[in-house]
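**Student:** Sequence and predicted structure are below.
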Amino acid sequence: MHLNKLVFIILINSTLSFSQATYGPEFELMGKYQMAVSKFCTASIGILPTLWVIDEFKSEYEKNPENKDLIPLGIISGLMIGGFGGVFAGFRAGQMCQKVMVNKNYWDLKHSIVKHCKSVGCKVHKVKVGSVRHADHDAFKVLYPDGFYFIIDKDLTAVEIQAMPMTLKDLKSKKAILQRDLFDVAESLGIEAYRSSDWLSQGHINIGRESAFGDDDLLLRNFIVDQLNHSELSSGVLSNDKTNADTPMRERSKRSKIEQLIQKFDDGEIKMKDFASELQNIYGGSMSFMSLNTLFKENKGKLKFEKSAQRVEIRAHRAQKNAEEFYLLAKMYENRIEYLKEFKSPIPFINKKPAKKMTHKFIAFKAYLQEMGLDPKDYQKIFPKRLCRQYVE
């Protein structure tokens, strides 16, 4: 997912030694009570069909009180018939409430940033944006005198922000601006990262193929395999979203197919383009909702990925709550790419399902950070409160 979700997305270039690797995350910010209101809409509307069926049987019983079987029959029918209708009605009601609240958050944020720009020197313009799954539509571009910009967009469940590509060095210099003009303004409106659960808490990061890997297919291959090997990242550490950013390593059949595909690439039977395409097919499609996607070819829809726009999309991140969190994640991938450059041959693929215990996953993550020269203590701040204590221990 790269351009639509109650989300704030930022396309960014970088690498450990301040190279040009492109990182494109999605910062998801929702209204503070958005999920609560949506759940209330779902529950309150969803129960109406059940109550209606029961009430109909109650009316029939009052007309024919001798027929005592109508009471249990009415309750059972209400739960069964009304239940199915309730699920559908509740789901649609929840969707409508989400849409209304996203629209409100979107326009509130836009108007507040327009007002805010008057004091910091930026300007807001209407622009057209689009993606593989979404037709061109209006959004708003916040432009600064030095050329830096970010775009305010929206999806079904989130406000989404896209920013211009930047190196890690540039990102470091723009952190304060992003925090002040984006996150702080959003927070003043009660719009924030949703972190109560991993479902709908998405902070995807796109890494540009050309800018990060150039023509080094071995490095790209090793990066993809390394991400698959470290399934703890997408099964609890950075996210555990089984519906929108799941790891294929949970399923034995997918692990086996991936292992065979990697061997074909290593044996020289296929090139990177075919490797990436077949990997997506194993996931389930060109725009699969998996933890890592290789978007190197034209996808369904009108958007074509030219070489300069091809990317590895890492979807398994919780919504970042501030600019510092994104910087830490970008730095992590920057360091990882540099670390993998030391390997002059294919790293082995580990055909193993994710660990079950979070304790074991955190141990693996800390080792992952340490082997590329990062301090695990610096990454404590990226976790929601519900996981912080476990991580520290």
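**Tutor:** Alright, I've got the coordinates. This is a predicted model, so every value here is computed, not measured. Numbers count the residues shown, from 1 in each chain.

**Student:** Tell me how this protein divides into domains.
**Tutor:** Here the domain parsing of the chain from automatic domain parsing is 35-116, 209-392.

**Student:** Compare those domains and say which comes out lowest on pLDDT.
**Tutor:** Sorting these by mean pLDDT places domain 35-116 lowest, at a mean of 62.

**Student:** what's the one helix or strand A367 maps to packed up against?
**Tutor:** Assessed by DSSP states H and E, A367 sits inside helix 358-370. Helices and strands touching helix 358-370, by 3 or more C-beta pairs under 8 Å, 6 or more residues apart in numbering; DSSP states H and E, are helix 385-392. All C-beta spots, glycine's among them, are computed from the backbone N, C-alpha and C.

**Student:** So for the helix it packs on, what gets flagged as buried?
**Tutor:** 387, 391 (16 or more other C-beta atoms under 10 Å).

**Student:** same deal with stretch 162-181?
**Tutor:** Result for stretch 162-181 [16+ other C-beta under 10 Å]: buried residues 162-168, 170-172, 174, 177-179, 181.

**Student:** and the nearest residue to Y368 once chain neighbours are set aside, what is it in contact with?
**Tutor:** The shortest distance from Y368 to any non-neighbouring residue, by C-beta to C-beta, 6 or more residues apart in numbering, is to H230 (5.7 Å). Applying C-beta atoms under 8 Å, 6 or more residues apart in numbering, we find H230 in contact with 364-365, 368.

**Student:** now the residues you listed as CSV including neighbour count?
**Tutor:** Putting the contacts of H230 into CSV (neighbours: other C-beta atoms under 10 Å) gives the following:
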residue, neighbour count
A364, 17
F365, 20
Y368, 20
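
**Student:** out of the residues you listed, which one sits closest to D241?
**Tutor:** F365 (16.7 Å; C-beta to C-beta).

**Student:** In this structure that closest one contacts E232, no?
**Tutor:** Yes. Counting by C-beta atoms under 8 Å, F365 does reach E232; the two are 5.8 Å apart.

**Student:** Just the helices from the protein, written as ranges.
**Tutor:** Ranges of helices in the chain, per DSSP state H, are 34-46, 48-63, 70-120, 168-178, 184-188, 209-213, 217-229, 252-266, 272-283, 323-340, 358-370, 385-392.

**Student:** picking that back up, of all the buried residues of stretch 162-181, which comes closest to K126?
**Tutor:** Q162 (14.6 Å).

**Student:** sorry, back to before: now the residue nearest to Y368: how far from K110?
**Tutor:** 38 Å (C-beta to C-beta, to the nearest Å).

**Student:** cool, L182 as well?
**Tutor:** Computed with C-beta to C-beta, the distance linking L182 and K110 is 12 Å.

**Student:** Of these two, which one has the most company?
**Tutor:** Taking other C-beta atoms under 10 Å, L182 and K110 do not tie; L182 has more neighbours (24 against 18).

**Student:** Am I right that that one is in contact with N322?
**Tutor:** No. With contact defined as C-beta under 8 Å, L182 does not reach N322; the gap is 9.4 Å.

**Student:** Contacts for stretch 138-151, please.
**Tutor:** Counting contacts by C-beta under 8 Å, 6+ apart, the residues outside stretch 138-151 that touch it are 10, 110, 113, 117, 121-129, 152-154, 161-164, 166, 174, 177-178, 181-182.

**Student:** Strands - which of those land there?
**Tutor:** Here DSSP state E is the test, and the contacts of stretch 138-151 give 123-129, 152-154, 161-163 as lying in strands.

**Student:** List buried members of the residues you listed by neighbour count.
**Tutor:** Buried members of the ones in strands among the contacts of stretch 138-151, scored by 16+ other C-beta under 10 Å, are 124, 129, 152-154, 161-163.

**Student:** out of the ones in strands among the contacts of stretch 138-151, who's nearest E313?
**Tutor:** Among the ones in strands among the contacts of stretch 138-151, and counting by C-beta to C-beta, the member closest to E313 is Q162, at 13.7 Å.

**Student:** what separates the closest residue to P346 other than its chain neighbours from D217, distance-wise?
**Tutor:** Residue nearest to P346 in three dimensions, not counting chain neighbours: D266, with 5.2 Å by C-beta to C-beta, 6+ apart. Distance of D266 to D217, computed by C-beta to C-beta: 11 Å.

**Student:** do the same with A330
**Tutor:** 23 Å.

**Student:** what does P145 give?
**Tutor:** Relative to D217, P145 is positioned 40 Å away (C-beta to C-beta).

**Student:** okay, those two: which has more neighbours?
**Tutor:** It is D217, of P145 and D217, that has more neighbours when counted by other C-beta under 10 Å, with 15 against 8.

**Student:** OK, contacts around that one?
**Tutor:** Contact analysis of D217 by C-beta under 8 Å, 6+ apart lists 271-272.

**Student:** Could you do R255 as well?
**Tutor:** Counting by C-beta under 8 Å, 6+ apart, R255 makes contact with 248-249, 351-353.

**Student:** wait, what's in contact with F289?
**Tutor:** Counted by C-beta under 8 Å, 6+ apart, F289 has contacts 1, 243-246, 315.

**Student:** now those residues: which count as buried?
**Tutor:** Applying 16+ other C-beta under 10 Å to these flags 1, 244-246, 315 as buried.

**Student:** Which members of those residues define the maximum pairwise distance?
**Tutor:** Most distant of the buried ones among the contacts of F289, by C-beta to C-beta, are M1 and D246, 13.3 Å apart.

**Student:** Quick check on the residue nearest to A245 when sequence neighbours are not counted: phi, psi?
**Tutor:** Among residues not flanking A245 along the chain, R315 sits closest, at 3.7 Å (C-beta to C-beta, 6+ apart). Main-chain torsions, R315, degrees, to the nearest 10: phi -90, psi -20.

**Student:** surely R315 meets L295?
**Tutor:** No. Between R315 and L295 there is no contact under C-beta under 8 Å: 11.1 Å.

**Student:** who touches the closest residue to L220 other than its chain neighbours in this structure?
**Tutor:** In space, and not counting its chain neighbours, L220 is closest to F213: 4.3 Å by C-beta to C-beta, 6+ apart. By C-beta under 8 Å, 6+ apart, the contact set of F213 is 21, 219-220, 223, 337.
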